[in-house]
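build me a structure from this.
(2 chains)
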Amino acid sequence: MSAGALSEPRATKALLIGAALLYIALMLLLPLAAVLVEAFANGFHAWIAAITQPDARASIRLTLIVAAIAVPANTVFGIAAAWAIAKFDFRGKTTLVALIELPFSVSPVVSGLVFVLLFGAQGWFGAWLEAHDVRIIFALPGLVLATLFVTLPFVARQLVPLMSAQGRADEEAALTLGASGWQTFWHVTLPNIRFALLYGVLLCNARAMGEFGAVSVVSGHIRGGTNTMPLEVEALYNDYDFVGAFAVASILAFLALVTLALKGALEWRHRDQLAAAGRH
Amino acid sequence: MPSNGGTEINSQPRAATDMSIRVENVSKSFSAFAALDDVSLAVRDGEFVALLGPSGSGKTTLLRILAGLEAPERGRVRFGERDVTGDNAASRGIGFVFQHYALFGHMDVARNIAFGLEVMNRGKPSKADIAKRVAELLDLVQLPGFGNRYPSQLSGGQRQRVALARALAREPRILLLDEPFGALDAKVRRELRVALRTIHDELGLTSIFVTHDQEEAFALADRVAVLNLGQIEQFASPTEMQAQPASEFVASFLS
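Numbers count the residues shown, from 1 in each chain, chains lettered A, B, ... in the order given. Sure thing, here's the model as predicted:
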């Protein structure tokens, strides 16, 4: 086969690249720009005022609390699940792998409804919870549960393929050198997965802070109480407070950009490390 | 540590009757497949033994049971008078060399070699002593000055030398090697073979290595155990085995 047969004509190449760039500009950059333009429509001071009003501040605080619980929990779970799947053989392994992916295929609204069905006033445990004065739905625990459910796969699915590919030899080497299980995990396993782990945590965090559907169902939409940032954006928008809505939205968008930048930087370094590790 | 007799290759096993490693009636199966079926083996102190057999013969499983990386379903493993059957890999005091080196890619050569010393809870040497020991070991495996390199910057043969130095850092009496030359080309293989045998003799180790290469087993080992379908067909010196193969399988495997 000649080299010419493999290379596209110059015009085709330019057209394809141009179309891709145009599509990205229309679908991603334009909306992002619109958010920023609307957020700063009345100037910087209006933006500051919008994001420092009590309800907005409460929603930012709530989002940070929910993420601060959900992300570490799913990070620990993700490492444990990936470790089990990659390093051990056990019955039901394929089922576990499939189940971890479940939240991706379930509509977020259904994910939220599940918890209403379980813990809501009419739910399975509703009466018991009410009798013991425990509030889950329309309260922080419900928001955390819904976020945990939705963000469960992110860390695990980053780690499972990597840890499976790495195999057990490094851990076995550490054990034969006299290392304890904990030393092996800390000095060998964790450094081997650190970039994939960080990447997974970033994606998990982005979703935890940005989730709308699942938390919307369990939140109860109490302004200054159970509204996370995405819910607050909707509430402000419905009140025709466009600057307020877009100001809060701009913080979420900013967060997304930071995540994207970190992810890009990590992928860059991750690739270097993988190449340097020279694994086969 | 008992002093070692000759340093020449294929020196006759010493007359000492001290059984340094004993495997007694060990069985192990994976699912329905019997990897090891009632295997017994006694290796003398200071001996260099090859476990030879085709893939699936159980030779690697036997080595991993000796290392504590697999647990036998039945039978016992003894090092000297000590029953180590229930001991985990970390507490057996062995050195283990893997086919694909298993060096820690995020650590340089010096830190790889020092790993076994760094993780010690009791009697951990000082920083200076660790550095000294690392330098000694690098000399031993003929890689002086390689401490600051990373495994990815080394050739296959160099990596395996580092892996050997790492395995020897805590001065194990027993060295176990799983197809240590399997991933290397013929020339490097021969060099490393000589180096390994020399180190074995100098340090007075008891070594067991797994191979599927008959020529390698005979060139290197004092005695060779031929495995087939989870059983030891014959355990004898190369000369003995060539003169009197114990079974048709051994005879066909040697030809």
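
domain assignment for the chain?
Using chain A. Segmentation of chain A into domains, based on automatic domain parsing, reads A:1-39, A:44-277.

was after chain B, sorry
Split by automatic domain parsing, chain B gives B:17-93+B:172-255, B:103-171.

would you map the helices across chain B?
B:59-67, B:109-118, B:127-140, B:156-168, B:186-203, B:214-220, B:238-243, B:248-254 (DSSP state H).

now the fourth one against helix B:109-118, angle please.
Same thing as helix B:156-168. Helix B:156-168 runs at 20 degrees relative to helix B:109-118, counting by axes from the mean of the first three to the mean of the last three C-alpha atoms, to 10 degrees.

follow-up on the earlier one: show me the one of the helices of chain B that comes nearest chain A.
helix B:109-118 (3.9 Å; C-beta to the nearest C-beta). (Glycine included, C-beta is placed from N, CA and C.)

burial measure for the closest residue to B:Ala219 other than its chain neighbours, as a count.
Here the nearest residue to B:Ala219 in space, its sequence neighbours aside, is B:Arg193; by C-beta to C-beta, 6 or more residues apart in numbering or on different chains that works out to 6.6 Å. Number of residues near B:Arg193 (other C-beta atoms under 10 Å in any protein chain shown) recorded here: 18.

circling back: can you redo the domains of chain B as JSON lines with mean pLDDT?
Output for those, formatted as JSON lines (pLDDT from 0 to 100):
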{"stretch": "domain B:17-93+B:172-255", "mean pLDDT": "91"}
{"stretch": "domain B:103-171", "mean pLDDT": "94"}
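
and for A:Arg172, the neighbour number?
Not Arg; residue A:172 is Glu. Using other C-beta under 10 Å: A:Glu172 sits among 22 other residues.

who are the contact partners of it?
B:69, B:89, B:96, B:98, B:102 (C-beta atoms under 8 Å, 6 or more residues apart in numbering or on different chains).

sec struct for it, please.
Look at A:Glu172: counting by DSSP: H, G, I helix; E, B strand; the rest coil, its state is helix.

distance of it relative to B:Arg64?
With the distance defined as C-beta to C-beta, to the nearest Å, A:Glu172 ends up 9 Å from B:Arg64.

check A:Ala261 too.
For A:Ala261 relative to B:Arg64 (C-beta to C-beta), the value is 45 Å.

when the two are compared, which one has more neighbours?
Neighbours per residue (other C-beta under 10 Å) separate A:Ala261 from B:Arg64, with B:Arg64 holding more: 20 against 10.

test my guess that that one contacts B:Glu70.
Yes - B:Arg64 is within contact range of B:Glu70, at 4.3 Å (criterion: C-beta atoms under 8 Å).

B:Arg133 against B:Leu117, yeah?
Yes - in this structure, B:Arg133 is within contact of B:Leu117 by C-beta under 8 Å, at 6.6 Å.

joint contacts of the two?
B:125, B:169.

would you turn the helices of chain B into CSV with distance to A:Asp133?
Formatted as CSV, these follow (distance: least, C-beta to C-beta, whole Å):
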stretch, distance to A:Asp133
helix B:59-67, 56
helix B:109-118, 52
helix B:127-140, 58
helix B:156-168, 59
helix B:186-203, 70
helix B:214-220, 74
helix B:238-243, 80
helix B:248-254, 75
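
ok, A:Ala33 - how many residues close by?
A:Ala33 - counted by other C-beta under 10 Å - has 12 other residues nearby.

what about it, distance to B:Tyr150?
From A:Ala33 to B:Tyr150 the distance is 44 Å (C-beta to C-beta).

check A:Ala20 too.
From A:Ala20 to B:Tyr150 the distance is 38 Å (C-beta to C-beta).

try B:Leu196
Counting by C-beta to C-beta - B:Leu196 and B:Tyr150 are separated by 23 Å.

which of the two has more neighbours?
More neighbours surround B:Leu196 than the other of B:Leu196 and B:Tyr150, with 24 against 18 (other C-beta under 10 Å).

near chain B, which residues of the stretch 101-250 of chain A are found?
A:169-170, A:172-180, A:183, A:187-188, A:191-192 (C-beta under 8 Å from any C-beta of the partner chain).

what sits against A:Arg137?
One correction, residue A:137 is Ile, not Arg. A:115-116, A:119-121, A:123, A:218, A:220.

at 6 Å instead, please
A:Ile137 makes contact with A:116, A:119-120, A:218, according to C-beta atoms under 6 Å, 6 or more residues apart in numbering or on different chains.

need phi/psi at it.
phi -80, psi 140 (degrees, to the nearest 10).

what's the answer for B:Gln99, then?
According to degrees, to the nearest 10, B:Gln99 has phi -60, psi -50.

so it sits against B:Phe181, correct?
No - B:Gln99 is not in contact with B:Phe181 according to C-beta atoms under 6 Å; the separation is 8.6 Å.

counting neighbours, what do you get for B:Glu233?
That count, for B:Glu233 with other C-beta under 10 Å as the rule, works out to 21.

measure the residue positioned nearest the centre of chain B to chain A for me?
In chain B, the residue lying closest to the centroid (C-alpha atoms, centre = their mean) is B:Leu176, at 2.1 Å. Computed as C-beta to the nearest C-beta, to the nearest Å, the B:Leu176 to chain A distance reads 8 Å.

ok, now which ones touch that residue?
Contacts of B:Leu176 by C-beta under 6 Å, 6+ apart are B:63, B:66-67, B:94, B:96, B:208.

the residue lying closest to B:Ala71 once chain neighbours are set aside and B:Ser27, how far apart?
Among residues not flanking B:Ala71 along the chain, B:Ile65 sits closest, at 7.3 Å (C-beta to C-beta, 6+ apart). Separation of B:Ile65 from B:Ser27 (C-beta to C-beta): 10 Å.

more neighbours: those two, which one.
Per other C-beta under 10 Å, whichever of B:Ile65 and B:Ser27 has more neighbours is B:Ile65, with 22 against 15.

go ahead and confirm that one touches B:Pro72.
Yes - under the criterion of C-beta under 6 Å, B:Ile65 makes contact with B:Pro72 at 5.2 Å.

returning to that earlier point: now, of the domains of chain A, which is deepest in the fold?
Burial of these is given as mean neighbour count (mean count of other C-beta atoms under 10 Å in any protein chain shown); domain A:44-277 ranks first at a mean of 18.

avg pLDDT for that one?
Domain A:44-277 carries an average pLDDT of 90.

from the middle of its chain, how far away would it be?
Mean-position distance between domain A:44-277 and its chain equals 5 Å (C-alpha atoms, centre = their mean, to the nearest Å).

likewise for stretch A:11-23?
The answer for stretch A:11-23 is 31 Å, by C-alpha atoms, centre = their mean.

report the mean confidence score over it.
On average, stretch A:11-23 scores 93.

could I have that stretch exported to CSV, CA atoms only?
Taking Å, rounded to 0.1, in the frame of the first residue of the first chain, the C-alpha atoms of stretch A:11-23 are listed here in CSV:
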residue,chain,number,x,y,z
ALA,A,11,-9.1,19.7,1.6
THR,A,12,-10.9,16.7,3.3
LYS,A,13,-8.6,17.0,6.3
ALA,A,14,-9.3,20.8,6.6
LEU,A,15,-13.0,20.2,6.2
LEU,A,16,-13.2,17.6,8.9
ILE,A,17,-11.1,19.6,11.4
GLY,A,18,-13.1,22.7,10.6
ALA,A,19,-16.4,20.9,11.2
ALA,A,20,-15.2,19.4,14.5
LEU,A,21,-14.0,22.8,15.7
LEU,A,22,-17.2,24.5,14.7
TYR,A,23,-19.3,21.9,16.4
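
for whichever helix or strand A:Val76 is part of, name the packing helices and strands.
For A:Val76, the enclosing helix or strand under DSSP states H and E is helix A:54-87. On a contact count with 3 or more C-beta pairs under 6 Å, 6 or more residues apart in numbering or on different chains; DSSP states H and E, helix A:54-87 meets helix A:140-151, helix A:153-166, helix A:190-210, helix A:229-238.
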